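Chemist: Sequence plus predicted model, see below.
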Amino acid sequence: MGPSLTFMSYLPMIMMIVLFVLKVPIAFSLFIPSIFYFAFIGRAMPADLALQRVVIDTQSFTLLAIPFFIMIGVVMNHSGISKRLMVFADLLVGHMRGGMAQANVMLTVLTSGISGSSNADTAMNCKIFVPEMTKRGYDRPFCAAITASSSLITSIIPPGIVLLIYCAIARVSVGRLFLAGYIPGALLAVTFMVTVAILARKRGYGKTREVRASANEVFKGAIHAFFALFMPIGFLMGIRLGVFTPTEGGAIAVVYCFIIGAFVYRELKLRHVVPILREALGSTAEVVFIVIGANLFGYYLTLEGIPRAISGVILNFTDNRYVFLLAVNILLLFMGAFIEAAPSIIILMPLLFEPLQYLGIDLVHFGIIMVLNLQMGGLTPPFGSMMFISCQMSKVSMDRFLRANIPFYAAMLVVLMIVTYVPFLVMFLPNLIMP
């Protein structure tokens with residue numbers, strides 16, 4: 001890859017891969033090789049100075065949004081917001097074939113602007129929908145498949161936690177990337193609902209409502225769920241009108257959830273505060289620790305010139321942006337099957353940055369491509385987290401889940417190709433609202 005690169009240049013990367021294979025936690029798999037490099041190999045930057053720079057990098061306004069959005073999802077589960085949204089989702093789509101499965105997808109769309117985590121969404125919807133769907137005659141593997149697959153929408157429609165991590169690593173506008181996620185998220189929802197309708201017709205899955213809800217019923221349902229529905233709408237409008245930044249909006253949304261849960265719905269009690277704080281702080285610490293390790297590993301890569309070397313290899317392979325995007329899609333799908341989306345972004349983005357710039361690929365557009373690919377990996381063996389959560393909570397074996405999920409895999413790939421090769425759809429809202 002270049003005359004200046006030796007075996008010792010790549011040794012920390014080899015160590016990282018070995019640690020991954022040995023299932024050492026992601027943060028330590030990044031920290032250990034990086035510290036080894038700065039202590040024994042690298043001479044351009046002392047180890048203590050490297051650590052100081054990494055700590056400074058964590059003082060980021062973008063990273064500050066992560067604990068807020070994690071806490072939003074936790075508070076939502078205790079406040080009655082998701083329960084009211086489920087009733088409203090059934091009003092909208094319960095008259096369609098496969099009504100419960102359609103409501104499953106619709107609830108994910110409604111809550112994606114609140115929870116921000118595909119894993120959390122999978123777990124929540126497994127609790128809400130799978131028991132009820134099986135009572136109504138749905139095949140259990142089908143229930144597990146649609147619940148896990150629809151949770152992919154949560155990572156694409158803002159404010160997804162993975163989108164925030166991409167912003168921190170690629171240094172792109174949080175507002176523009178959030179806006180870029182709405183149309184791809186809607187495409188996923190429509191594609192899943194069409195797939196459900198086709199499968200429901202073949203398998204005889206019924207409706208939850210005999211007739212379409214009247215406008216009056218929908219209006220009453222919207223009033224009943226008004227405070228739950230207002231949060232994602234208010235969040236987007238607040239950013240658009242310049243009332244707050246995405247980070248400030250996250251803090252406001254946390255306070256909003258507490259107020260609605262405690263004083264409006266009256267389901268959030270004082271005893272919930274400690275579990276909420278414990279879960280939110282624990283999840284935040286895990287994410288930030290990974291980001292710190294990734295930044296340190298990124299310094300090693302930059303000092304050794306590895307991203308530039310890999311960029312040269314990629315561009316020697318092809319300088320056609322369409323072929324490049326196809327190759328990267330394959331790489332990301334493969335990577336996502338083995339490693340969670342957040343660490344994959346942290347590892348790969350510094351390596352892909354230069355080829356993306358050279359080929360003129362917008363980093364906001366690529367952010368949606370990358371997150372969509374890697375989150376799809378969460379639904380595939382051997383280490384797909386959403387797949388494991390859904391299989392465990394639905395009591396379904398992995399092979400039955402995979403067979404049931406084949407139609408939804410096909411639907412995802414269709415959307416992935418549209419998102420990859422029709423950038424106008426992805427960039428329409430960012431260019432319109434935040435040019």
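Modeler: On my side now, so go ahead.
Chemist: What ranges does the stretch 101-250 of the chain have for its strands?
Modeler: With DSSP state E, counting those that start in this stretch as the definition, the stretch 101-250 of the chain shows no strands.
Chemist: residue ranges with poor pLDDT in it?
Modeler: 113-117, 120, 124, 232, 236, 239-240, 246 (pLDDT under 70).
Chemist: and M13, how many neighbours?
Modeler: 17 (other Cβ atoms under 10 Å). Quick note: C-beta positions are derived from backbone N, CA and C, even for glycine.
Chemist: ok, and it, which helix or strand is that part of?
Modeler: When elements are assigned from DSSP states H and E, M13 belongs to helix 7-21.
Chemist: what's the following helix or strand after that helix?
Modeler: As assigned by DSSP H and E, the chain's next helix or strand after helix 7-21 is helix 26-36.
Chemist: Quick check: buried residues in the helix holding M13?
Modeler: S9, P12, M13, M15, M16, L19, F20 (16 or more other Cβ atoms under 10 Å).
Chemist: Check the offset of that helix from the chain's centre.
Modeler: Distance of helix 7-21 from its chain centroid, counting by Cα atoms, centre = their mean, to the nearest Å, is 27 Å.
Chemist: Counting by contacts, list what it packs against.
Modeler: In terms of contacts (3 or more Cβ pairs under 8 Å, 6 or more residues apart in numbering; DSSP states H and E), helix 7-21 is packed against helix 26-36, helix 273-304, helix 306-317.
Chemist: That one to helix 273-304, inter-axis angle?
Modeler: 160 degrees (axes from the mean of the first three to the mean of the last three Cα atoms, to 10 degrees).
Chemist: Report the angle between helix 7-21 and helix 26-36.
Modeler: If you take the same axes, to 10 degrees, helix 7-21 sits at 160 degrees to helix 26-36.
Chemist: Just the closest of the buried residues of helix 7-21 to Y322, please.
Modeler: Distances from Y322 to the buried residues of helix 7-21, taken as Cβ to Cβ, are shortest for M13 (28.7 Å).
Chemist: I'd assumed I347 was in contact with the closest one.
Modeler: No - assessed by Cβ atoms under 8 Å, M13 is found out of contact with I347, at 9.4 Å.
Chemist: want to try TSV for the buried residues of helix 7-21, with distance to P184 as columns?
Modeler: Converted to TSV, the buried residues of helix 7-21 look like this (distance: Cβ to Cβ, whole Å):
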residue	distance to P184
S9	38
P12	35
M13	32
M15	36
M16	31
L19	33
F20	29
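Chemist: Can you tell me, leaving aside adjacent residues, what's nearest to A89?
Modeler: M106 (3.9 Å; Cβ to Cβ, 6 or more residues apart in numbering).
Chemist: Could you do K395 as well?
Modeler: R140 is the one closest to K395 (Cβ to Cβ, 6+ apart), at 7.2 Å.
Chemist: and what of E279?
Modeler: Leaving out its chain neighbours, the residue that sits closest to E279 by Cβ to Cβ, 6+ apart is V74, at 5.1 Å.
Chemist: for S79, same thing?
Modeler: Leaving aside its chain neighbours, S79 sits nearest to G261 (2.6 Å; criterion: Cβ to Cβ, 6+ apart).
Chemist: Ok, L359 next?
Modeler: Nearest residue to L359 in three dimensions, chain neighbours excluded: R321, at 4.4 Å (Cβ to Cβ, 6+ apart).
Chemist: doesn't G360 make contact with the one you found?
Modeler: Yes - at 7.0 Å, R321 counts as touching G360 under the criterion of Cβ under 8 Å.
Chemist: Compare those two and say which one has the larger neighbour count.
Modeler: Neighbour count, other Cβ under 10 Å: between R321 and G360, R321 has more, with 15 against 7.
Chemist: Now do the contacts for that one.
Modeler: L359, G360, I361 (Cβ atoms under 8 Å, 6 or more residues apart in numbering).
Chemist: Repeat that for L332.
Modeler: Neighbours of L332 in contact, by Cβ under 8 Å, 6+ apart: S344, L348, I369, M370, N373, L374, G377.
Chemist: Run the chain-centre distance for the helix or strand hosting it.
Modeler: When elements are assigned from DSSP H and E, L332 belongs to helix 321-336. Its chain's C-alpha centre and that of helix 321-336 lie 18 Å apart, by Cα atoms, centre = their mean.
Chemist: Just the buried residues of the very next helix or strand once past that helix, please?
Modeler: Note on helix 321-336: by DSSP H and E, the next helix or strand toward the C-terminus is helix 341-358. If you call a residue buried by 16+ other Cβ under 10 Å, then helix 341-358 has these buried ones: 341-356.
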